[in-house]
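S.K.: Sharing a sequence plus its predicted fold:
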Amino acid sequence: MKDCTARFALIGAGPVGLAMAKSLREHSIPYDQLEADDDVGGNWYHGVYQTVHIISSRKTTEFTDYPMPADYPDFPSRAQMLTYLRDFTEKFDLRPDIEFNTKVVMAVPQPDSRWEVELAGGEKRLYKGVVVCNGHHWDKRFPNYPGKFAGAFLHSKDYRHPSQLTDQRVLVIGGGNSACDIAAEAARVGQSASISLRRGYWFLPKTLFGVPLVDMIRSWFPVWAQRLFLRLVLRIAVGKYSQYGLPEPDHRIFEAHPTINSELLYYVKQGRIRPRPDVAHFDGKTVHFVDGASEEFDVVVCATGYLVSFPFLPPGLVQVKGSVAQLYAGCVLAEYKNLYIMGTSQVRYGFGPLVTPGVELMARLIEAQDQMELPIGLVLKESGVRIARTHLVDPHAAIRGIRRGMRFLPLLVRREKKLRKKHRLPAAPPISFNPQTINPNVQVY
């Protein structure tokens, strides 16, 4: 087994993984960055369709310490995002420390708080700890309906190009951002396009008064005022969703992730997208809906989201309830030292302004853990820090929380010294985990 006990294993080289690598380097924390793909970019490299543009704006997506080029549009394309992430990698000289085509299949805690990491080729390494940045837009969640569809049945993750929809009768299941994008593509190139919604969604325009919607939300603007403002603007500019044949939302704005799309309502009014209720069952190429209607389709695209999962960690090590990973401060466990997980939440808009201070706090947590005997997650738990109840994140509130966390860290170190009298240093329970038992259909990073 290769001895890497002076270093951390950093898993993933997507946007969060790259930002984390930069922060670790700035804090002189040694690491090996392990990436399953052959290049950086994560989901922007391997996971999104070719025609996609960001729904958040350039200003709310760029890293605060590395702005996007001034000539980028308000809503950059996939190609521009990938170029930006590659330029970030080169600017901060991160590429030499990335091991590409290196898939992690196992990471198991040891009794001495070190971590055994096994790679797909069979190589085993012993690390000081593991920093997980494997993302949460890859483990596909499919709906479960009676019957079987006889046409092309795919997840939005498997959609790559409008040619997959050309001249096809397309049904998109879901009302999120990907669902609306793909339904709009089908409206342009397909024979017909329908969208199936099991509940009402808030469909927000990408721009208001010529400005990206997310750029209009200021940090001092309380959530109740944001809701009031948006409801007023939507009522004036859009009207009632029922006027489009869409169900009205059964929740307040931001209680679920809003859909930011300016094309769905446009194509619905043109008759190019037909709203449908939830699916009742499949019968060959015929889809039956809960309102008793039925229609034949050639392609069904399930834009039904993703599961939060860590297949290289022992089952149950990180519990997930709904879409919420049960982590203190959103990143650590109370039972184990030197495991840090980043990027499991769903931010209301772009990742940049939140990730940049977030990875700085993570590096400081790692440094603080070196001054403690107890797991820092246990200290957070004993200090009253609770596990989040939702995976949805208000970015402004999160940034304020990160700033508080920075100020709180020195107090946390002193708190840990007092807690040693109450808690004996917990030994990590022995865990056996055979990576060969992993479902071969699950992609492991």
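M.R.: Received the coordinates, thanks. Numbers count the residues shown, from 1 in each chain.
S.K.: So which residues of this protein form helices?
M.R.: For the chain, the helices defined by DSSP state H cover 15-26, 43-46, 78-91, 177-189, 223-237, 264-269, 352-369, 376-382, 395-419.
S.K.: can you pull the buried residues of the shortest one?
M.R.: Applying a neighbour-count criterion of 16 or more other C-beta atoms under 10 Å, the buried positions in helix 43-46 are N43, W44, Y45. Any C-beta I mention is one placed from the backbone N, CA and C, and that applies to glycine too.
S.K.: wait, which of those residues is closest to C331?
M.R.: Distance to C331 across these (C-beta to C-beta) is lowest for N43, with 19.7 Å.
S.K.: Was I right to think that closest one contacts W138?
M.R.: Yes. Shown here, N43 and W138 form a contact pair, counting by C-beta atoms under 8 Å, at 7.1 Å.
S.K.: buried ones in stretch 327-336?
M.R.: For stretch 327-336, by 16+ other C-beta under 10 Å, it's L327, Y328, A329, G330, C331, V332, L333, A334, Y336.
S.K.: Spatially, which two of these are the most separated?
M.R.: Farthest-apart pair in these is G330 and Y336; separation 15.7 Å (C-beta to C-beta).
S.K.: which stretch among the helices of the chain comes nearest Y244?
M.R.: Of all the helices of the chain, helix 264-269 sits nearest to Y244, with 4.8 Å by C-beta to C-beta.
S.K.: Packing partners of that closest one?
M.R.: If contacts are counted by 3 or more C-beta pairs under 8 Å, 6 or more residues apart in numbering; DSSP states H and E, helix 264-269 sits against helix 177-189.
S.K.: quick one: average pLDDT of the helix it packs on?
M.R.: The average pLDDT for helix 177-189 rounds to 96.
S.K.: Can you list the buried residues in it?
M.R.: Neighbour count says helix 177-189 has N177, S178, A179, C180, D181, I182, A183, A184, E185, A186, A187, V189 buried, by 16+ other C-beta under 10 Å.
S.K.: How far off centre is it?
M.R.: Taking the mean of its C-alpha atoms, helix 177-189 sits 21 Å from the chain's own mean (C-alpha atoms, centre = their mean, to the nearest Å).
S.K.: Kindly export it (C-alpha atoms) in PDB.
M.R.: What follows is helix 177-189, C-alpha atoms only, in PDB (Å, rounded to 0.1, in the frame of the first residue of the first chain):
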ATOM      1  CA  ASN A 177     -34.500  23.800 -15.600                       C
ATOM      2  CA  SER A 178     -33.300  20.800 -17.700                       C
ATOM      3  CA  ALA A 179     -36.900  19.800 -18.300                       C
ATOM      4  CA  CYS A 180     -37.800  23.200 -19.700                       C
ATOM      5  CA  ASP A 181     -34.700  23.400 -21.800                       C
ATOM      6  CA  ILE A 182     -35.200  20.000 -23.400                       C
ATOM      7  CA  ALA A 183     -38.900  20.700 -23.900                       C
ATOM      8  CA  ALA A 184     -38.000  23.900 -25.700                       C
ATOM      9  CA  GLU A 185     -35.500  22.000 -27.900                       C
ATOM     10  CA  ALA A 186     -38.200  19.500 -28.700                       C
ATOM     11  CA  ALA A 187     -40.600  22.300 -29.600                       C
ATOM     12  CA  ARG A 188     -38.000  23.600 -32.200                       C
ATOM     13  CA  VAL A 189     -36.900  20.300 -33.800                       C
END
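S.K.: Contacts for that helix, please.
M.R.: 49, 51-52, 55, 156, 159, 162-163, 165-168, 170, 172-173, 192-195, 203, 259-261, 263-264, 267, 270, 272-273, 301, 303 (C-beta atoms under 8 Å, 6 or more residues apart in numbering).
S.K.: Narrow the residues you listed to those that are buried.
M.R.: Using 16+ other C-beta under 10 Å, the buried members of the contacts of helix 177-189 are 49, 52, 55, 156, 159, 162, 165, 168, 170, 172-173, 192-195, 203, 259-261, 263-264, 267, 272-273, 301, 303.
S.K.: Please name the residues that touch the residue nearest to Y244 when sequence neighbours are not counted.
M.R.: Leaving aside its sequence neighbours, Y244 sits nearest to V268 (C-beta to C-beta, 6 or more residues apart in numbering; 4.8 Å). V268 is in contact with Y244, G245, L246, R274, P275, counting by C-beta under 8 Å, 6+ apart.
S.K.: 10 Å instead?
M.R.: Contacts of V268 were listed using C-beta atoms under 10 Å, 6 or more residues apart in numbering, and they are A183, A187, A193, I195, F203, Y241, Q243, Y244, G245, L246, R274, P275.
S.K.: Columns distance to R420 on top of these, output as CSV?
M.R.: Converted to CSV, the contacts of V268 look like this (distance: C-beta to C-beta, whole Å):
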residue, distance to R420
A183, 57
A187, 63
A193, 62
I195, 57
F203, 53
Y241, 57
Q243, 63
Y244, 61
G245, 63
L246, 57
R274, 64
P275, 60
